[in-house]
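In: Provided below are the primary sequence and the corresponding predicted coordinates.
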2 protein chains.
Amino acid sequence: MQDVPGLVAQAREGRPRAVARLISLVEGASPQLREVMAALAPLAGGAYVIGLTGSPGVGKSTSTSALVSAYRRAGKRVAVLAVDPSSPFSGGALLGDRVRMSEHASDPGVYIRSMATRGHLGGLAWSAPQAIRVLDAAGCDVILVETVGVGQSEVEIASQADTCVVLLAPGMGDGIQAAKAGILEIGDVYVVNKADRDGADATARELNHMLGLGEARGAGDWRPPIVKTVAARGQGMDEVVEALEKHRAWMEEHDVLTTRRAARAAREVETIAVTALRERIADLHGDRRLETLAGRVVAGELDPYTAADELIAGLTEPEAG
Amino acid sequence: MQDVPGLVAQAREGRPRAVARLISLVEGASPQLREVMAALAPLAGGAYVIGLTGSPGVGKSTSTSALVSAYRRAGKRVAVLAVDPSSPFSGGALLGDRVRMSEHASDPGVYIRSMATRGHLGGLAWSAPQAIRVLDAAGCDVILVETVGVGQSEVEIASQADTCVVLLAPGMGDGIQAAKAGILEIGDVYVVNKADRDGADATARELNHMLGLGEARGAGDWRPPIVKTVAARGQGMDEVVEALEKHRAWMEEHDVLTTRRAARAAREVETIAVTALRERIADLHGDRRLETLAGRVVAGELDPYTAADELIAGLTEPEAG
């Protein structure tokens, strides 16, 4: 068993190994998971969570790295949670192989973690918010959650950040892809990266048009800015940080931040509850209750709804003997 | 309110409007859903459910239509459930726009239904088995479930049939795509369609290699056959039917059919139960229980696990007031 209070204290001092161990405990559904989460609860809430998403090839890692640099210059402690559906890591490996990220590898003020989208109980919707909670409680000022904007769950994670940044690049047919993935609905800040390439202005114009930014909005409404960057050379990153800070200030002014965080917490609690109920159903496989019910459905003795009723009743009954 | 016993009696006489109405009742989560399912329970179990899946462009609709013709020649009542993720239909439209299918539109022994993958409560995993149950209870001898082998849920539906047919075509890079979608693990019968094109033999060979069909198997093991067809000209369809019937006979001989159906019913019951529990959680939004818990999580008073415990306890408590 791990010394949870000790790990939490070390994590708050910025010791990366303690942070890594805590994330492993919450990711892996350890028996100490609840103890960890209870210890973290009063400590979380200070971090600004920024989601970054976009199609493969728009320069997400490069942009994330440039943002890390910008926030480091401002003296902030920064964490990166890279959610990678194709990651060969089972979760927890440092992204030492990412050239752009490796420049931060020796900086004690930066914590980097990758998270695979597969193999976790309850999936990403379950494990990502918990890892964010650890990083938050550990005292990170800014948490950058980088996801590939392709799968529904990846997009959802980015959209549940305090501020969601959607990245595009010129000439990638992003317009259609973005619309498909629904990422045009979730951006608080849009970034057209690789702005030194042909077509950057056209992409920004098309985006402006698709977002309906020309249309009249209410006085208090947030108007998502479109920022052009060349992340590989660090160009435009200060403007991105400025846009992020403006959005954060706007959220605080309009009481949106608390609302967003409450919605995120509600989703998290709901996911944990449904996962727990699924586990209880899976446990029933062991005592053959579901198997027996299924057999009766196949035999035509029971319809599946009545069987489901009996299954649910079984969930809340006291355990047999 | 619909006259459920009357609809069921008419459906069993083969009246397509009664079948359509019953499917609409189960698909749309009507208040009469449970009444319908209870009425159908003792009548289902007679149909042979065949799943057909494959990448777009391999000729699924053409193959399905040719299979319908083959089974009609044998005097069987046939239903087609076309699961189409891109379908503009909200579920229930006849596929009159499908040229290959329209030849069966006037045949009273054929019932065709399309089902969109979106917008249904609990999704396809929830609605497809119920539609199959209606068609089964209505007295169809053969139910062909045609799905695009791209999404996880589409593949799952095909894999839960009594027999799963995986279609490929030459020169489409199917090998990699198929492996990606995991459809090489689910086929009981493989069909290389468009076998008059270049590369058909190579595709069959590659498939044979990937399936490891050259390897030694146990005496009682099923060895998935690879059948070459030109569905547009009806070539090879009798061989496909023969392969299907062989698989069915093998399943009955080895008691596999009952096991598969029990597994399918178990999944169906589990999905209904989880959907019901999710609905109960959603209902709690109404009485603000989840909202209150989420607010306490944001405030750091509660960790999300304890909040989930309280939420689950709330599911089984008697209603207030």
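Out: Everything's here; your move.

In: Give me every residue in the stretch 51-200 of chain A lying close to chain B.
Out: A:Pro129, A:Gln130, A:Arg133 (C-beta under 8 Å from any C-beta of the partner chain). No exception for glycine: its C-beta is placed from N, CA and C like everyone else's.

In: Any of those residues buried? List them.
Out: Neighbour-count burial (16 or more other C-beta atoms under 10 Å in any protein chain shown) applied to these gives A:Pro129, A:Gln130, A:Arg133.

In: following the helix or strand containing the last one, which helix or strand shows up next?
Out: When you say that, I think you mean A:Arg133. In this assignment (DSSP states H and E), A:Arg133 forms part of helix A:124-137. Counting by DSSP H and E, the next helix or strand C-terminal to helix A:124-137 is strand A:142-148.

In: now that next one: how far from the chain's centre is it?
Out: Relative to the centre of its chain, strand A:142-148 is centred 6 Å away, using C-alpha atoms, centre = their mean, to the nearest Å.

In: partners of that strand in the sheet?
Out: Strand A:142-148 has its sheet partners listed here by DSSP bridges as strand A:48-54 (parallel), strand A:78-84 (parallel).

In: can you state the direction angle for that strand and helix A:124-137?
Out: Following axes from the mean of the first three to the mean of the last three C-alpha atoms, to 10 degrees, one obtains 160 degrees for the angle between strand A:142-148 and helix A:124-137.

In: Touching strand A:142-148 from outside, list them.
Out: Strand A:142-148 is contacted by residues A:47-56, A:60-61, A:64, A:67-68, A:71, A:76-85, A:128, A:132, A:135-136, A:154-155, A:157-158, A:161 when judged by C-beta atoms under 8 Å, 6 or more residues apart in numbering or on different chains.

In: Okay, A:Met37 and A:Arg267: tell me how far apart.
Out: 16 Å (C-beta to C-beta, to the nearest Å).

In: out of the two, which sits in the busier spot?
Out: A:Met37 (26 against 17; other C-beta atoms under 10 Å in any protein chain shown).

In: Now do the contacts for the more buried one.
Out: A:Val26, A:Gln130, A:Arg133, B:Asp303, B:Pro304, B:Tyr305.

In: picking that back up, may I see the residues of the stretch 51-200 of chain A next to chain B arranged in JSON lines, with distance to B:Thr229 and pLDDT as well?
Out: Listed next are those as JSON lines, based on distance: C-beta to C-beta, whole Å; pLDDT from 0 to 100:
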{"residue": "A:Pro129", "distance to B:Thr229": "49", "pLDDT": "87"}
{"residue": "A:Gln130", "distance to B:Thr229": "50", "pLDDT": "87"}
{"residue": "A:Arg133", "distance to B:Thr229": "54", "pLDDT": "92"}
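
In: any chance of the residues you listed in a markdown table, with distance to B:Pro108 too?
Out: Formatted as a markdown table, these follow (distance: C-beta to C-beta, whole Å):
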| residue | distance to B:Pro108 |
| --- | --- |
| A:Pro129 | 54 |
| A:Gln130 | 57 |
| A:Arg133 | 60 |
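
In: Pick the one among those residues closest to A:Gly199.
Out: Closest approach to A:Gly199 among these (C-beta to C-beta): A:Pro129, at 36.7 Å.

In: Starting from A:Ala29, give me the distance back to that closest one.
Out: 14 Å.

In: cool, and A:Leu167?
Out: Distance from A:Leu167 to A:Ala29, by C-beta to C-beta: 32 Å.

In: Comparing these two, which residue is more hemmed in?
Out: A:Leu167 (30 against 15).

In: tell me what the helix or strand in which that one is found is packed against?
Out: Element membership for A:Leu167, per DSSP H and E: strand A:163-168. Contacts defined by 3 or more C-beta pairs under 8 Å, 6 or more residues apart in numbering or on different chains; DSSP states H and E place strand A:163-168 against strand A:48-54, helix A:174-181, strand A:189-192, helix A:237-253.

In: want to throw those into CSV with mean neighbour count?
Out: Putting those into CSV (neighbours: other C-beta atoms under 10 Å in any protein chain shown) gives the following:
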stretch, mean neighbour count
strand A:48-54, 26
helix A:174-181, 17
strand A:189-192, 26
helix A:237-253, 17
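
In: Of these, which shows the lowest average pLDDT?
Out: Comparing mean pLDDT across the helices and strands packed on strand A:163-168, the weakest is helix A:174-181, with a mean of 50.

In: quick one: secondary structure of the residue lying closest to A:Lys228 once chain neighbours are set aside?
Out: Sequence neighbours aside, A:Ala195 is the residue nearest to A:Lys228 in space, at 3.8 Å (criterion: C-beta to C-beta, 6 or more residues apart in numbering or on different chains). Counting by DSSP: H, G, I helix; E, B strand; the rest coil, the backbone at A:Ala195 sits in coil.
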